[in-house]
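Asker: build the 3D model from these lines:
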Amino acid sequence: MLAALFTVYWNVFDASYVCVISLMNAYAMMDTTETRKANV
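Answerer: Residues are numbered from 1 along each chain as shown. This next block holds a predicted model:
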């Protein structure tokens, strides 16, 4: 029972981690675009 709960928890954590990383990457890309615009 505990192992099953742990697996579910780990899968949720893994999914949210991937989501956060993608958001950060998207933000970083937007940031570079803004910086490029400012430099031009």
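
Asker: can you map out the helices along the chain?
Answerer: 2-39 (DSSP state H).

Asker: low-confidence stretches in it?
Answerer: Filtered on pLDDT under 70, the chain yields the residue ranges 34-36, 38-40.

Asker: if we use 90, what do you get?
Answerer: By pLDDT under 90, the low-scoring segments of the chain are 1-2, 5-6, 9, 27-40.

Asker: run a quick neighbour tally on residue 27.
Answerer: Residues lying near residue 27 (other Cβ atoms under 10 Å) number 10. The C-beta positions use only the backbone N, C-alpha and C, and glycine is treated the same way.

Asker: equivalent analysis for the one 5 residues further on, please.
Answerer: By the criterion of other Cβ under 10 Å, residue 32 has 10 neighbours.

Asker: same question, residue 17
Answerer: 10.

Asker: equivalent analysis for the one 4 residues further on, please.
Answerer: Residue 21 has 10 neighbours, counted by other Cβ under 10 Å.

Asker: for residue 28, same thing?
Answerer: If you count neighbours by other Cβ under 10 Å, residue 28 ends up with 10.

Asker: now do the contacts for it.
Answerer: Residue 28 makes contact with no residue under the criterion Cβ atoms under 8 Å, 6 or more residues apart in numbering.

Asker: gap between it and residue 22?
Answerer: Note on residue 28: its distance to residue 22, by Cβ to Cβ, to the nearest Å, is 11 Å.

Asker: understood, closing this out.
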